[in-house]
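Asks: what follows is a predicted structure for the sequence shown.
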Amino acid sequence: MSITQFRTSDPPSVLRAKVTSHTLNEKKAAHKPIVALTAYDYPTARLVDEAGVDIVLVGDSLAMVVLGYDTTIPVTVEEMLHHTRAVRRAVRRAMLVADMPFGSYQASVEEGVRNASRFLKEAGAEAVKIEGRRIELVEQMSAAGIPVMAHLGLTPQSVHKMGGYRVQGKSLNAIHGLLDDALALEAAGAFSLVLEGIPREVAQRIASSLKIPAIGIGAGPDCDGQILVLHDLLNLTFAPPAKFVRRYGDAAALIATAVESYRRDVEERSFPSNEESYHLTKEMLAALEAEESTPTRKAW
Ligand code: KIV
């Protein structure tokens, strides 16, 4: 499962240098925003990579936007591996990060490291993402050669503990806690940090205090980069968007219109047309018709 083999059909955006953690650090140093997006399957991952994003995250948001669950909690390691493999087959240039699902790293550091290594070994991920302040886990993963993206603020796997999807870091105590967590995760070896659902002013202070890139979602424009859920960006979520989501396209309308047109054409027998059908050669058709006109031969 090589990540450096290019296809002859790869567009110029993909043939640019492979994104690594060094690329991300260089972008932070040069104040160039890092572009990250989720993807969960081969076709969308290919389009996302070819559009030139820096990081493709196989987020556990797939539980909600692809599998239809109400939270991210039910998705399993096997399901995350399955989708990460599909995305791996598509992504050439971007750094591929896999989210570790709820329950795969909370029980013990050993189990966390074991599960994380499966994402690299069995699915071709280049890094894993975990939620919360897990210092020893980040240290052990880093020591094992597993790059870790940390995730603070609104951490969806803790939805029940947080009492819903609420903006975090609104009190002085919470702000100090977030800053302290971020610095501790950086010191433990995390190569980047996702900041989700926190006030812009807090995200700005955290991002500027860190050497590693801070990538925001619902954390304002002062982070070192941004990430969104692909299905939010494309209007494929069947739910009112969060305040921080910007819709860049309407895939729901596109799909609905295309499928309704297909249904109408089939019902009206205008699909498939003669041109969209396979045909016998003239000779074979003549032979068939001659056979059919022979009285001893049964009709079809
Ligand atoms: O699961 C996910 O998609 C995420 C991003 C929103 C950061 O964690």
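Replies: Thanks, I have the structure now. Not measured: the values here are computed from a predicted model.
Asks: kindly provide the whole-number mean pLDDT of stretch 250-258.
Replies: Averaged over stretch 250-258, pLDDT sits at 98.
Asks: could I get the buried residue list for it?
Replies: Applying a neighbour-count criterion of 16 or more other Cβ atoms under 10 Å, the buried positions in stretch 250-258 are residue 251. Where C-beta positions appear, they are placed from N, C-alpha and C, glycine not excepted.
Asks: can you dump the C-alpha atoms of that stretch in CSV for me?
Replies: Coordinates of each C-alpha in stretch 250-258 appear next as CSV, following Å, rounded to 0.1, in the frame of the first residue of the first chain:
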residue,chain,number,x,y,z
ASP,A,250,-25.6,21.7,-2.8
ALA,A,251,-25.0,18.0,-3.4
ALA,A,252,-28.4,17.1,-1.9
ALA,A,253,-30.1,19.2,-4.6
LEU,A,254,-27.9,17.8,-7.3
ILE,A,255,-28.5,14.2,-6.4
ALA,A,256,-32.2,14.6,-5.9
THR,A,257,-32.7,16.3,-9.3
ALA,A,258,-30.6,13.6,-11.0
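Asks: can you give the domain ranges for this structure?
Replies: 3-249, 255-292 (automatic domain parsing).
Asks: anything in the first one near the ligand?
Replies: Yes: legend: contact between domain 3-249 and the ligand by Cβ under 6 Å from any ligand atom is shown at 38, 57, 59, 60, 61, 99, 194, 196, 217, 227, 229.
Asks: name the nearest residue to whichever residue of the stretch 51-200 of the chain sits closest to the ligand, sequence neighbours excluded.
Replies: Among the residues of the stretch 51-200 of the chain, residue 59 lies nearest to the ligand; the distance is 2.2 Å by Cβ to the nearest ligand atom. Distances taken as Cβ to Cβ, 6 or more residues apart in numbering place residue 38 nearest to residue 59, at 4.2 Å, with adjacent residues excluded.
Asks: point out the most buried one among the domains of the chain.
Replies: Each of the domains of the chain was scored by mean neighbour count; the highest is domain 3-249, a mean of 19, by mean count of other Cβ atoms under 10 Å.
Asks: tell me the gap between that one and the middle of its chain.
Replies: Distance of domain 3-249 from its chain centroid, counting by Cα atoms, centre = their mean, to the nearest Å, is 8 Å.
Asks: can you give me the helices for this structure?
Replies: With DSSP state H as the definition, the chain shows helices at residue ranges 12-15, 21-29, 42-50, 62-65, 77-90, 109-121, 135-143, 159-162, 172-188, 200-209, 230-233, 251-267, 282-293.
Asks: relative to residue 130, how far out is the residue positioned nearest the centre of the chain?
Replies: Here the mean C-alpha position of the chain is nearest to the C-alpha of residue 38 (Cα atoms, centre = their mean), at a distance of 2.3 Å. Residue 38 is 16 Å from residue 130, where distance means Cβ to Cβ, to the nearest Å.
Asks: try residue 265
Replies: Here the distance between residue 265 and residue 130 works out to 48 Å (Cβ to Cβ).
Asks: what's the answer for residue 219, then?
Replies: In terms of Cβ to Cβ, residue 219 sits 18 Å off from residue 130.
Asks: ok, now which ones touch residue 185?
Replies: Each residue near residue 185 by Cβ atoms under 8 Å, 6 or more residues apart in numbering is listed here: 133, 134, 135, 138, 150, 152, 193.
Asks: export the residues you listed to TSV and tack on pLDDT?
Replies: As requested, those are exported to TSV (pLDDT from 0 to 100):
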residue	pLDDT
133	98
134	98
135	98
138	98
150	98
152	98
193	98
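Asks: got TSV for these, with distance to residue 208 too?
Replies: Shown next, in TSV, are the contacts of residue 185 (distance: Cβ to Cβ, whole Å):
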residue	distance to residue 208
133	20
134	24
135	22
138	21
150	17
152	15
193	13
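Asks: filter those down to just the ones in strands.
Replies: Judged by DSSP state E, the subset of these located in strands is 150, 152, 193.
Asks: of all the residues you listed, which comes closest to residue 173?
Replies: Taking Cβ to Cβ as the measure, residue 152 is the one of those closest to residue 173, at 14.7 Å.
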